[in-house]
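In: just the structure for this:
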Amino acid sequence: MARYRGPKSRIARKFQEPIFGPDKALEKKNYPPGQHGPNRRRGKKCEYADQLAEKQKAKYTYGILEKQFENLFDKASRKKGITGENLLRFCESRLDNTVFRMGISPTRSGARQLVSHRHITVNGGLVNIPSYQLSEGDVVEVRERSKSLEAISASLAKDSTTFEWLEFDKTTLKGKFIKAPEREQIPENIREQLIVELYSK
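Out: Numbering: from 1, shown residues only. Below you'll find the model as predicted:
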């Protein structure tokens, strides 16, 4: 399964945000990476650089590679509504992201692993495709024989965040994807309009 395997702390420092989850390196070095550290002179970025950086941030945040992201944008642009918001809704509707949002895994990469290792079912059937797009009313559940996994228990013990577009029962490890979220419900700090401008060039 294709996914980003490079240095995660470096990316988090580049965008000054904990893109891959809590990061001690980001706390210790709250400046972008580079040979000269905080003393490096950094010129003002051009419009294209801002747009490109925003696209990269969205890709890293959701763990999506370039071709997949392009396909999602194409799908979002053909759907009725605001393209940028449609794009984020498609990202949020991915199975791996939903498993992460439900608190079954503390990170999206961990959620992706749970899905690909066949620990998650959708509407009663096993689904091992992290990019699987959920539809309104789909039921997401931890497979019966996987409910005792220590990684899942540890994640649920720490996580207490709830989202309006999801239902989840920590006792049965069963939840429902109520509907794709509205833009104001999505907590990610992504300026989707810059991504639309980039692809519109």
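In: dump stretch 112-132 to CSV, keeping only the CA atoms.
Out: Extracted C-alpha coordinates of stretch 112-132, given in CSV (Å, rounded to 0.1, in the frame of the first residue of the first chain):
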residue,chain,number,x,y,z
ARG,A,112,-4.9,3.1,7.9
GLN,A,113,-3.0,0.1,9.3
LEU,A,114,-6.1,-1.2,11.2
VAL,A,115,-8.1,-1.0,8.0
SER,A,116,-5.5,-2.7,5.7
HIS,A,117,-5.0,-5.5,8.3
ARG,A,118,-8.7,-6.3,8.1
HIS,A,119,-9.7,-5.2,11.6
ILE,A,120,-12.6,-3.0,10.4
THR,A,121,-16.0,-3.8,8.9
VAL,A,122,-18.4,-1.6,7.0
ASN,A,123,-22.1,-2.6,7.1
GLY,A,124,-21.1,-6.0,8.4
GLY,A,125,-18.5,-6.8,5.6
LEU,A,126,-14.7,-6.6,5.9
VAL,A,127,-13.2,-3.6,4.1
ASN,A,128,-9.4,-3.4,3.9
ILE,A,129,-9.2,-0.3,1.6
PRO,A,130,-8.2,2.8,3.6
SER,A,131,-9.5,5.2,0.9
TYR,A,132,-12.9,3.5,0.8
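In: can you give me the domain boundaries for the chain?
Out: 8-90+187-199, 94-179 (automatic domain parsing).
In: which one of those has the poorest average confidence?
Out: Ranked by mean pLDDT, these bottom out at domain 8-90+187-199, which scores a mean of 80.
In: burial of the residue nearest to Ser146 when sequence neighbours are not counted, as a residue count?
Out: Among residues not flanking Ser146 along the chain, His119 sits closest, at 4.0 Å (C-beta to C-beta, 6 or more residues apart in numbering). (Each C-beta comes from the backbone N, C-alpha and C, glycine too.) By the measure other C-beta atoms under 10 Å, the count of residues near His119 is 22.
In: quick one: His119 and Lys147 touch, right?
Out: No. Judged on C-beta atoms under 8 Å, His119 makes no contact with Lys147 at a distance of 9.1 Å.
In: could you tell me the phi and psi values at Lys176?
Out: Reported as degrees, to the nearest 10, the phi and psi values for Lys176 are phi -130, psi 140.
In: and the gap between it and Thr162?
Out: 13 Å (C-beta to C-beta, to the nearest Å).
In: tell me which of the two has more neighbours.
Out: Higher neighbour count among Lys176 and Thr162: Lys176, with 19 against 11, using other C-beta under 10 Å.
In: identify the bridge partners of the more buried one.
Out: Beta-bridge partners recorded for Lys176 (DSSP bridges): Val139, Glu167.
In: show me where the chain has helices.
Out: 8-15, 24-28, 47-62, 66-78, 83-92, 95-101, 108-116, 150-158, 192-199 (DSSP state H).
In: pull out the buried positions in the third one.
Out: Taking 16 or more other C-beta atoms under 10 Å as the basis for neighbour counts, the residues of helix 47-62 that come out buried are 51, 53-62.
In: one step back: could you identify which of the helices of the chain is most buried?
Out: helix 95-101 (a mean of 25; mean count of other C-beta atoms under 10 Å).
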